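Undergrad: missing the sequence, but the structure's below:
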C-alpha cells in the first residue's frame with residue numbers, strides 16, 4: 001500500500017513525516033550520519049525536507065538554486081533514490097498530462113523483495129512424515145517408492161515403412177565445380193634456337209628488376225609461353241618489356257606473375273601467307289667525315305656524300321666537282 005496521503009498535489013515534493021512539528025524540520029540522525037550517502041546527497045535531503053509541499057525539485061530547479069550544477073545534483077538525487085529516501089514516478093493527471101510525482105520519506109523505505117523470492121518470514125514447507133511400518137536408518141536418506149502407472153495397453157508393432165526408390169541419378173551429389181586453370185600455350189613445333197632464346201630472355205629479366213630472379217625450374221616451365229610469343233612474330237625486346245614493366249610493389253611470386261602475363265597477353269596468330277611485319281630498323285650512328293669533318297650518319301666511318309672518294313682525290317687533284325647527294 002502506498003504511503004502517500006490521499007488528496008496530495010499531482011506533482012512536486014510530498015512530505016511523509018512520521019513525527020514532527022509544523023514549524024520545525026526534523027532530520028533524523030540516520031540521515032545525518034548515513035554511511036552510504038555523500039555530503040551533497042545529505043544536503044539535498046535536508047533542503048528537500050524543508051520545502052513546502054508542491055515545490056518543484058527538478059534537476060534544473062535545484063541547479064539554479066545551488067552552484068553544484070546539473071550533473072552533481074542529478075548524482076545526489078540518484079543516491080537518495082537508491083537509499084530509499086526519494087521516490088520519483090510518472091503519473092497522469094485528470095486532464096491527461098504526464099507529470100513527475102516526487103515523494104520524500106523522512107525514513108527510508110524498506111527494500112521490496114523480488115517476486116520470485118519468498119519473504120524471509122515465511123516458514124519453509126514441512127516435510128511429510130515417513131509412513132508407519134518402515135523406520136528410517138540414521139545417516140541414510142529415504143528413497144521414494146516407485147509408483148506403477150498404468151500404461152495405455154500393449155502397443156502394436158510398428159509397421160515397416162517402405163524406403164523410397166531413388167530415381168536414376170537422384171541422390172547423387174553434384175560434383176563441385178572445378179576451377180579450370182588455363183595452361184601456358186605450347187608452340188606446335190618448338191624449335192631449338194627459339195626455345196633457347198626464350199630461356200635466355202627469362203634468365204635476363206633479373207637485370208630489369210632483381211625480384212624477377214627465376215629458378216631453373218620456373219624458367220623451363222615458362223619457356224614454352226615465351227616461345228609461343230616469338231613464334232607469333234613478337235620481338236624479344238617487346239616480350240621483355242611486357243614481362244618486366246609495371247611490376248606491383250607487393251609482388252610475392254614472380255613466376256606466377258610472368259605466367260599470368262604470358263597467358264593474358266598472348267598475341268594472335270598471323271594470317272597464313274602473310275609474312276611477319278619487319279622490325280623497325282635502327283638509324284645508323286653518327287660519323288665524322290674524313291674529308292670535310294662534318295657529321296653524317298653511316299654504318300661505318302668514311303666520307304660523306306658531298307666529299308669525293310679517297311681514290312679520286314689521289315688520282316686527279318684539283319679536278320674535284322662536288323656530288324649531289
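TA: That came through fine. Computed from a predicted structure; not experimentally measured.
Undergrad: Tell me the first helix or strand C-terminal of the longest helix seen in the chain.
TA: Identified as the longest helix of the chain according to DSSP state H is helix 216-231. The helix or strand immediately downstream of helix 216-231 is helix 236-244, counting by DSSP states H and E.
Undergrad: Just the buried positions in that following helix, please.
TA: 239, 240, 242, 243, 244 (16 or more other C-beta atoms under 10 Å). Just so you know, the C-beta spots here come from the backbone N, C-alpha and C atoms, and that holds for glycine as well.
Undergrad: wait, isn't the first one in contact with residue 201?
TA: Yes - shown here, residue 239 and residue 201 form a contact pair, counting by C-beta atoms under 8 Å, at 6.3 Å.
Undergrad: hey, what's in contact with both of those two?
TA: Common contacts of residue 239 and residue 201, defined by C-beta atoms under 8 Å, 6 or more residues apart in numbering, comprise residue 226.
Undergrad: ranges for the strands of the stretch 151-300 of the chain?
TA: 286-288, 295-297 (DSSP state E, counting those that start in this stretch).
Undergrad: Flag the shaky bits of this structure, pLDDT-wise.
TA: By pLDDT under 70, the low-scoring segments of the chain are 1-10, 17-23, 110-191, 273-280, 311-325.
Undergrad: can you give me the helices for it?
TA: Per DSSP H, the chain carries helices over the ranges 29-32, 39-50, 59-65, 70-83, 192-203, 216-231, 236-244, 254-264, 310-315.
Undergrad: Let me have the ones you listed in TSV, adding distance to residue 301 as columns.
TA: Below are the helices of the chain laid out as TSV (distance: least, C-beta to C-beta, whole Å):
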stretch	distance to residue 301
helix 29-32	117
helix 39-50	105
helix 59-65	102
helix 70-83	96
helix 192-203	32
helix 216-231	35
helix 236-244	27
helix 254-264	42
helix 310-315	12
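Undergrad: Tell me which of these sits nearest to residue 13.
TA: The minimum distance between residue 13 and the helices of the chain falls on helix 39-50, with 5.9 Å, by C-beta to C-beta.
Undergrad: Can you tell me what sits against the closest one?
TA: With C-beta under 8 Å, 6+ apart, helix 39-50 has contacts from 13, 15, 25-27, 31-32, 34, 37, 57, 62, 68, 72-73, 75-77, 79-80, 83, 85-86, 104, 106.
Undergrad: If you count neighbours, what's buried in it?
TA: In helix 39-50, counting by 16+ other C-beta under 10 Å, buried: 40, 41, 42, 44, 45, 48, 49.
Undergrad: Make TSV out of these and add distance to residue 259.
TA: What follows is these, written out as TSV (distance: C-beta to C-beta, whole Å):
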residue	distance to residue 259
40	76
41	77
42	82
44	79
45	83
48	83
49	88
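Undergrad: Which two among these are spaced furthest apart?
TA: Across these, no pair lies farther apart than 40 and 49, at 15.0 Å, counting by C-beta to C-beta.
Undergrad: Buried residues in stretch 222-235, which are they?
TA: Residues 222, 223, 224, 225, 226, 227, 228, 229, 230, 231, 233, 234 are the ones in stretch 222-235 that count as buried (16+ other C-beta under 10 Å).
Undergrad: err, stretch 96-111, not the other one
TA: Under 16+ other C-beta under 10 Å, the buried positions of stretch 96-111 are 101, 102, 103, 104, 105, 106, 108.
Undergrad: Stretch 57-64 now?
TA: 57, 58, 62, 63.
Undergrad: The second one: what's it in contact with?
TA: Spelled out, it's residue 58. Per C-beta under 8 Å, 6+ apart, neighbours of residue 58: residue 100.
Undergrad: re earlier: among the buried residues of stretch 96-111, which one sits closest to residue 308?
TA: Taking those together and measuring to residue 308 by C-beta to C-beta, the closest member is residue 102, at 124.3 Å.
Undergrad: Distance check, the closest one against residue 77.
TA: 9 Å (C-beta to C-beta, to the nearest Å).
Undergrad: what residues does stretch 84-94 touch?
TA: Under the criterion C-beta under 8 Å, 6+ apart, residues 10-11, 31, 45, 48, 77, 80-81, 98-105, 108-111 lie in contact with stretch 84-94.
Undergrad: Please flag which of those sit within strands.
TA: Using DSSP state E, 98, 99, 100, 101, 102, 103, 104, 105 are the members of the contacts of stretch 84-94 that sit in strands.
Undergrad: Wait, the second one touches residue 11, no?
TA: Yes - between residue 99 and residue 11 a contact is recorded at 3.9 Å, counting by C-beta under 8 Å.
Undergrad: List the residues that contact residue 255.
TA: Contacts of residue 255 (C-beta under 8 Å, 6+ apart): 214, 215, 218, 221, 222.
Undergrad: one more time with 7 Å
TA: Contacts for residue 255 (C-beta atoms under 7 Å, 6 or more residues apart in numbering) come out as 214, 218, 222.
Undergrad: okay, these in JSON lines with distance to residue 255 next?
TA: Formatted as JSON lines, these follow (distance: C-beta to C-beta, whole Å):
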{"residue": "214", "distance to residue 255": "6"}
{"residue": "218", "distance to residue 255": "4"}
{"residue": "222", "distance to residue 255": "7"}
